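Peer 1: Provided below for reference: sequence and predicted model.
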Amino acid sequence: MSEQKLPTRAEDFPEWYNTLVVRADMADYGPARGTMIIKPYGWALWENIQAALDKRFKATGHVNAGFPMFIPQSFLEKEKKHVEGFSPELAVVTIGGGETLEEPLIVRPTSETIIGHSYAKWIQSYRDLPVLINLWNSVVRWELRTKLFLRTLEFWWQEGHTAHATKEEAEFETLQMLNVYADFAENEAAVPVIRGRKSESERFAGADETYSIEAMMGDCKALQSATSHHLGQNFARAFEIRYLDKGNEQQYCWTTSWGISTRFIGAIIMVHGDDQGLVMPPRLAPYQVVIVPISKTDAERAAVMEAARAVRAELTAADIRVKVDDREGLTPGFKFNDWEMRGVPLRLEVGPKDLAKGTVALARRDKPGREGKSFVSREGLAATVAAMLKDIQQSLFDRALAFREQNTFDPKDYAEFKSAVEKGFALSYWCGDGACEAQIKEETKATTRCIPLDQPGGAGACIHCGKPAAEKALFARAY
RNA sequence: CGGGGCGUGGCUCAGCUCGGUAGAGCGCACGGUUCGGGACCGUGAGGUCGGAGGUUCAAAUCCUCUCGCCCCGACCA
């Protein structure tokens, strides 16, 4: 149950987020610093995210498997850049069963190394390729500053790991999965994203190329929402993942990895949420419709509850996820606010007046007050509701896209650039030089989020150093 | 790790300066009146005041140590 008054996004966005996540029953703090408990309501959202993604992974030929959480320390050390990238944030087990271990075990921060070990054993011939495996698991990274869903010591995610015979196939896979993520984000979560390539400094430790989808949050900061890595032959060489080609020659495989995490829940919250609370995209919402029965007398209550259950049955039959709020002792007004905070896309009210008229009241979460409220006939209700959910889904996407475009700038010079990244995204020509990038970061706190795949074409001068630049980069302050 | 703040019922906090019977609001339980936008009344349960040591006739309050958490700076899906 919820209390009143959430801080507004305008007055304190981080506080709005922290309060909301806990109040809306999405998650709670774990007892160990930086850990997170995902509560049933939050996990229900994650399950819907998983289902939407898993369907897409299967459709592109992938299969799921389970890999160990513990990785021999020596594995991490086999790929040089990979160790360097991850060693500061590893959790290491040194004691097991009361004995000091001969070789410490790493709690997986990601599974490239143990995958590499296995693929080396499994792959002998070009006939064994490609290997297309996905893992649903949790990983541990010892972060210093944590925030529920966005950065915690342990987080849940999926990591895909594939091995291919050629560079081209691996490249295709990397971009294919990037597109899967973009499709999921936009069409399931109603989160508009920018697909792009990471700069060298933002690249995954051990990758030749990292791609990401980037989204704008309600405070105009960027959130990397999923990544897809072309690992080249780096892990193949480190772990001896080789195959015999048709000409009977040993070749190193080309591998990829790609992931999206519970962090994406943070994106959903920060993209769609408003000052009333969460706004769940209908396609992923744990409950798409909440029915609030309204009655005074016992007789009314019995009749209203019967109608509520009948409506639930009708909507459930149409594959709509419905919750009847039959809690006693709470006023309807309280329940309205409660479910608005939890972000249920559509509220359905059934009261004595509706029974008399053969109607129900519908209130859209995306449109507050009278504007979003309508009274509709019980006839054909499932179709009415389904259409409205579809409309809400679309309007959430449209609104988020408009917001991003409104806050994305094309600065003419570096002075304009500086104020642009204070306010939102800046799309600017950039020379690609790491030192230049580092200076921009120091001066503005903005980083290159990605080099968008969709480029305007042509060329220009780097927004910072003025050197010739072939591509525009997306700059923003980021989570 | 550097700087700042805080630990008192489930939650938010008051009490500490000036030592003397642990408080409030919210939440929770029960009873009643309510119910189409966050209802109200009554009754009640619940705390070794983060921990250890010290000073004192007496410590939430004073002293010492310790643990933990939050916020701000260097790394990150």
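Peer 2: Yep, that arrived. Nothing here was measured: the structure is a model prediction, and the numbers come from that model. Residues are numbered from 1 along each chain as shown, chains lettered A, B, ... in the order given.

Peer 1: The stretch 51-200 of chain A against RNA strand B: which residues are in contact?
Peer 2: Within the stretch 51-200 of chain A, the positions near RNA strand B by C-beta under 7 Å from any atom of the strand are A:85, A:88-89, A:141, A:143-147, A:150-153, A:155, A:157. Where you see a C-beta, it was placed from the backbone N, CA and C, and this is true even at glycine.

Peer 1: List only buried entries from those.
Peer 2: Of the members of those, the ones counted as buried by neighbours, 16 or more other C-beta atoms under 10 Å, are A:85, A:141, A:143, A:147, A:150, A:151, A:152, A:153, A:155, A:157.

Peer 1: Those residues: which two are farthest apart?
Peer 2: Maximum pairwise distance in those, criterion C-beta to C-beta, is 21.2 Å, between A:85 and A:147.

Peer 1: tell me the pLDDT at the residue of the stretch 101-250 of chain A found nearest RNA strand B?
Peer 2: Using C-beta to the nearest atom of the strand, the single residue of the stretch 101-250 of chain A nearest to RNA strand B is residue A:155, 3.6 Å away. The predicted local distance difference test score for residue A:155 is 92.

Peer 1: That one in helix, strand or coil?
Peer 2: At residue A:155 the chain is in strand, as set by DSSP: H, G, I helix; E, B strand; the rest coil.

Peer 1: In the stretch 1-150 of chain A, where is pLDDT below threshold?
Peer 2: Low-confidence segments of the stretch 1-150 of chain A, defined by pLDDT under 70, span residues A:1-4.

Peer 1: picking that back up, Serialize the buried ones among the residues of the stretch 51-200 of chain A next to RNA strand B to a markdown table and add fields for distance to residue A:413.
Peer 2: As requested, those are arranged in a markdown table below (distance: C-beta to C-beta, whole Å):
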| residue | distance to residue A:413 |
| --- | --- |
| A:85 | 35 |
| A:141 | 39 |
| A:143 | 37 |
| A:147 | 34 |
| A:150 | 33 |
| A:151 | 34 |
| A:152 | 40 |
| A:153 | 42 |
| A:155 | 40 |
| A:157 | 40 |
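
Peer 1: Just these: which are in helices?
Peer 2: Among these, the residues falling in helices (DSSP state H) are residue A:85.

Peer 1: Can you tell me which of the buried ones among the residues of the stretch 51-200 of chain A next to RNA strand B is nearest residue A:290?
Peer 2: Within these, distances to residue A:290 taken as C-beta to C-beta reach their minimum at residue A:150, with 27.1 Å.

Peer 1: Identify the residues contacting the nearest residue to the closest one once chain neighbours are set aside.
Peer 2: Nearest residue to residue A:150 in three dimensions, chain neighbours excluded: residue A:266, at 4.5 Å (C-beta to C-beta, 6 or more residues apart in numbering). Taking C-beta atoms under 8 Å, 6 or more residues apart in numbering as the contact definition, residue A:266 lies against A:17, A:147, A:148, A:149, A:150, A:223, A:479.

Peer 1: does any part of whatever helix or strand residue A:266 lives in sit near RNA strand B?
Peer 2: Under the criterion of DSSP states H and E, residue A:266 resides in helix A:263-272. Yes - when contact is scored as C-beta under 7 Å from any atom of the strand, part of helix A:263-272 falls within range of RNA strand B: residue A:263.

Peer 1: same question for that helix, mean pLDDT?
Peer 2: If you average the pLDDT over helix A:263-272, you get 95.

Peer 1: what's the distance between residue A:57 and residue A:198?
Peer 2: Using C-beta to C-beta, to the nearest Å, residue A:57 is found at 22 Å from residue A:198.

Peer 1: Break chain A down into its structural domains.
Peer 2: Per automatic domain parsing, the domain ranges recorded for chain A read A:13-272, A:289-389, A:408-476.

Peer 1: how about the ones you listed, which one is nearest residue A:278?
Peer 2: By C-beta to C-beta (comparing all of those), the closest turns out to be domain A:289-389, at 2.9 Å.

Peer 1: The closest one close to RNA strand B?
Peer 2: Yes - with C-beta under 7 Å from any atom of the strand as the measure, domain A:289-389 is seen reaching RNA strand B through A:294-296, A:301, A:328-334, A:336-338, A:340-341, A:347, A:349-355, A:360-361, A:363, A:369, A:373.

Peer 1: Keep only those of the residues you listed that are in helices.
Peer 2: Among the residues of domain A:289-389 next to RNA strand B, the members found in helices (DSSP H) are A:301, A:332-334, A:336-338, A:340-341, A:352-355.

Peer 1: Can you tell me which of the residues of domain A:289-389 next to RNA strand B are buried?
Peer 2: Members of the residues of domain A:289-389 next to RNA strand B that pass the buried threshold by neighbour count (16+ other C-beta under 10 Å) are listed as A:294-295, A:301, A:336, A:338, A:340-341, A:347, A:349-352, A:354-355, A:360-361, A:363.

Peer 1: Centroid-nearest residue for chain A?
Peer 2: For chain A, the residue whose C-alpha lies nearest the mean C-alpha position (C-alpha atoms, centre = their mean) is residue A:264; its distance is 1.9 Å.

Peer 1: Give me the distance between that residue and residue A:202.
Peer 2: For residue A:264, the distance to residue A:202 equals 18 Å [C-beta to C-beta].

Peer 1: repeat for residue A:341
Peer 2: Between residue A:341 and residue A:202 the computed distance is 35 Å (C-beta to C-beta).

Peer 1: try residue A:8
Peer 2: Taking C-beta to C-beta as the criterion, residue A:8 is separated from residue A:202 by 32 Å.

Peer 1: More neighbours: which of these two?
Peer 2: Under the neighbour definition other C-beta atoms under 10 Å, residue A:8 and residue A:202 were set side by side, and residue A:202 has more, 18 against 13.

Peer 1: I figured the more buried one was touching residue A:451, is that so?
Peer 2: No - contact between residue A:202 and residue A:451 fails when scored by C-beta atoms under 8 Å: they sit 9.9 Å apart.

Peer 1: Kindly provide the distance from the residue nearest to residue A:296 when sequence neighbours are not counted to residue A:303.
Peer 2: Spatially, and ignoring its direct neighbours in sequence, residue A:296 is nearest to residue A:352 (7.6 Å; C-beta to C-beta, 6+ apart). Computed with C-beta to C-beta, the distance linking residue A:352 and residue A:303 is 8 Å.

Peer 1: Common neighbours of the two, please.
Peer 2: Counting by C-beta under 8 Å, 6+ apart, the residues touching both residue A:352 and residue A:303 are residue A:295.

Peer 1: ok now do the spatially closest residue to residue A:87 that is not a sequence neighbour, which residues does it touch?
Peer 2: In space, not counting the residues next to it along the chain, residue A:87 is nearest to residue A:76; the distance is 7.4 Å by C-beta to C-beta, 6+ apart. Under the criterion of C-beta under 8 Å, 6+ apart, the contact list for residue A:76 reads A:82, A:83, A:86, A:87, A:90, A:106, A:113.
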